[in-house]
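Student: heads up, no residue letters with this:
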């Protein structure tokens with residue numbers, strides 16, 4: 001059985017040593033010299049890596065599936081770096097990489113699923129005289145063996161599954177491994193001949209013959225392997241093996257140490273029912289009857305409903321019955337049964353068959369029906385097992401689809417309440433892996449987007465950069481599903497709402513601005529309006545907030561033209577207009593972009609008196625005009641509306657606003673507004689700024705009074721008060737009210 005130790009206790013913290021090694025793995029200059037192009041040159045002079053650190057570094061490096069030759073060169077000098085366990089399965093490792101570690105005294109080597117290895121690389125494997133564990137599953141490297149001597153004669157575990165090794169090669173290898181205890185030759189035996197096992201018959205404890213062609217004399221031979229504790233004869237073939245009662249009886253009689261038996265996918269003979277007709281039991285019998293678990297706890301196998309297994313000396317630890325009708329039977333003599341009869345059996349199957357795609361997909365499909373229709377009791381275990389299964393088969397689209405479908409239900413209420421912080425992160429990473437590795441599957445993208453949508457807003461922040469790249473790729477792809485497009489745009493908007501500074505600037509570089517403009521233009525060209533367009537404008541508003549680079553991308557990408565088109569095409573869309581005007585306000589805060597806005601002044605003047613969304617549109621229009629005017633008369637272009645007339649219109653609009661109006665807006669900083677308080681050459685700019693500060697501090701004093709004081713706004717307001725006490729009494733009065741309110745809320749303030 002595989003995968004039994006894959007799941008850790010969610011409450012266990014990551015060991016400190018692992019955290020430290022993880023840090024140096026992510027910061028390679030801490031232990032080696034790096035070239036200008038990011039390649040490893042050599043270990044630092046003051047660094048020596050013991051095996052525990054080297055092994056972990058190798059494993060972490062292999063997680064990306066990209067094993068670089070420059071990294072492998074670090075291990076050529078055995079005086080500086082010591083390797084014992086080299087875990088590089090599922091990577092692009094090459095023969096040359098193996099050459100670099102040929103002098104290391106490896107104890108374990110896992111090269112499973114490394115498709116770049118060739119038979120030429122076997123010579124380097126054959127130099128490892130200390131090897132005890134060798135896994136070559138799904139590789140061609142063993143083809144380099146020419147039936148001669150092998151150096152790894154201390155092997156205790158050998159996995160040659162799906163390697164295409166020939167019968168004579170297999171025999172020549174096995175006969176030299178007198179210490180061998182575990183052997184996996186899945187899909188290797190094609191003629192039923194198991195005589196190659198003769199040399200290890202007395203030592204072998206675990207034998208995996210999954211998808212091997214077995215005949216009657218093969219089964220008879222298996223009964224002679226008296227020291228076996230684990231036997232796997234499962235099959236995914238349509239030509240199922242007929243497991244007779246007599247064979248099972250013989251197995252139980254001769255293999256007295258048997259603890260694990262995998263019969264999945266075969267035809268298992270039930271035999272004579274010795275357990276009695278359970279339907280005839282009286283109610284009293286039912287109440288007094290022992291459960292299967294209680295019988296197993298007492299070591300009772302005699303009541304097994306599979307006749308051939310009644311001869312077991314003790315119940316099995318594991319019994320594989322996936323794709324076997326017998327999994328529905330009661331009184332199965334095993335602590336763990338992999339099958340389809342109930343939640344526990346299905347989870348056991350997912351755990352046992354993590355590396356077997358056919359069985360794993362079957363188990364995942366069954367679990368989807370369970371989690372969709374039943375009240376599951378082992379959600380944390382299920383989530384972790386599904387994540388491991390998906391990670392093992394990243395490019396197997398059916399497995400990713402099935403796994404992600406179950407994760408969707410697991411991440412919905414009430415199940416998600418039982419998920420730990422760590423498990424949620426594992427789920428997110430698994431879904432992002434699935435989306436990256438299977439970009440053309442619309443079904444998978446839909447599953448993942450729906451599931452990730454349930455993780456908003458905060459659970460995704462630790463992967464915001466990677467997630468944004470994936471979302472942008474989906475948005476820009478052809479033939480995108482309407483639901484997926486809507487979800488992607490919404491999640492993009494959510495991400496940009498929760499990042500600031502350099503992170504928000506990065507959102508623009510990753511393509512958020514260009515992608516939103518593209519979506520909007522596509523709808524403008526079609527003369528259509530939908531939620532995607534509205535959310536795209538909202539995303540642009542958020543991603544340009546106090547981010548000049550993103551504002552410039554918007555203007556350079558034709559955003560102002562799209563603004564005018566949308567205003568004309570969709571005049572009655574209040575939410576759209578509010579989003580667009582909020583964005584215009586962000587652009588207006590960037591001095592070098594204000595000349596571009598100057599030629600849209602007449603539009604903003606019209607919007608000064610728009611009351612479709614309360615004061616929001618009018619407020620933002622006045623803000624945009626105030627920022628344009630703040631550059632002074634010398635920057636005004638006489639070809640546009642007269643400057644004096646615009647100032648009069650702004651004051652008229654502001655005088656119509658109610659200072660107590662509650663706002664649907666969120667300021668993280670007052671700096672752009674406070675800057676306007678210095679523009680004494682154009683008092684209307686100060687008027688709009690003071691009105692904004694007064695309004696915000698009145699409607700949400702707990703939030704904004706402290707922000708105003710923190711950013712030095714009170715000194716600026718006092719300055720405005722002194723400047724305009726006589727010349728502009730309305731302005732002075734607002735400034736005075738705001739200063740007094742701040743003192744009432746936060747206490748006295750010492751002006752500088």
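Tutor: Noted; the coordinates are in hand. Predicted model, so just to flag it, every value in this text is computed and none were measured.
Student: now do stretch 38-54, average pLDDT.
Tutor: Averaged across stretch 38-54, pLDDT comes to 93.
Student: tell me the helix or strand right after the strand or helix carrying residue 408.
Tutor: If you go by DSSP states H and E, residue 408 is part of helix 397-410. Read in the C-terminal direction, the helix or strand following helix 397-410 is helix 421-437, with elements assigned using DSSP H and E.
Student: what comes up buried for that next one?
Tutor: 422-435, 437 (16 or more other CB atoms under 10 Å). Every C-beta, even on glycine, is put in place using the N, C-alpha and C of the backbone.
Student: just stretch 262-272 next, same as before
Tutor: Buried residues in stretch 262-272, defined by neighbour count with 16+ other CB under 10 Å: 262, 263, 264, 265, 266, 268, 269, 271.
Student: also stretch 190-208?
Tutor: Neighbour-count burial for stretch 190-208 flags 193, 194, 196, 197, 199, 200, 204, 205, 206, 207, 208 (criterion: 16+ other CB under 10 Å).
Student: for stretch 483-501, same thing?
Tutor: Using 16+ other CB under 10 Å as the burial criterion, the residues of stretch 483-501 that qualify are 484-497, 499.
Student: contacts for that stretch?
Tutor: Outside stretch 483-501, the residues that touch it by CB atoms under 8 Å, 6 or more residues apart in numbering are 442, 445-446, 449-450, 452-453, 456-458, 460-461, 464, 467-468, 471-472, 474-475, 480, 504, 506-507, 512, 515-516, 519, 531-532, 535-536, 538-539, 542-543, 668.
Student: and for stretch 728-738?
Tutor: Contacts to stretch 728-738, defined as CB under 8 Å, 6+ apart, come from residues 655, 659, 683, 686-687, 690-691, 693-694, 697, 708, 717-718, 720-721, 724-726.
Student: same deal with stretch 99-108?
Tutor: For stretch 99-108, the external contacting residues (CB under 8 Å, 6+ apart) are 69, 72-73, 75-76, 78, 82-87, 124, 127-134.
Student: in strands, which of the residues you listed fall?
Tutor: By the criterion of DSSP state E, membership of the contacts of stretch 99-108 in strands covers 85, 86, 87, 133, 134.
Student: pLDDT (mean, whole number) over the helix or strand hosting residue 22?
Tutor: Residue 22 is part of helix 16-26, with elements assigned from DSSP H and E. Averaging the model's pLDDT scores along helix 16-26 yields 90.
Student: list the buried ones in that helix?
Tutor: Under the neighbour-count criterion of 16+ other CB under 10 Å, helix 16-26 has 21, 24, 25 buried.
Student: find the nearest non-adjacent residue to the first one, please.
Tutor: Read it as residue 21. Beyond its immediate neighbours in the sequence, the residue positioned closest to residue 21 (CB to CB, 6 or more residues apart in numbering) is residue 56, lying 4.6 Å away.
Student: helix, strand, or coil at that neighbour?
Tutor: Here residue 56 takes the helix state, with states given by DSSP: H, G, I helix; E, B strand; the rest coil.
Student: that one against residue 15, yeah?
Tutor: No - applying CB atoms under 8 Å, one finds residue 56 not in contact with residue 15, separated by 10.5 Å.
Student: these two - which one has more neighbours?
Tutor: Taking neighbours as other CB atoms under 10 Å, residue 56 and residue 15 compare with residue 56 leading, 20 against 9.
Student: can you pull up the most central residue in the protein?
Tutor: Relative to the mean C-alpha position of the chain, the nearest C-alpha, by CA atoms, centre = their mean, is the one of residue 429, at 1.5 Å.
Student: list the contacts for the closest residue to it other than its chain neighbours?
Tutor: Nearest in space to residue 429, with sequence neighbours left out and distances taken as CB to CB, 6+ apart, is residue 463 at 6.9 Å. Shown in contact with residue 463 (CB under 8 Å, 6+ apart): 428, 429, 432.
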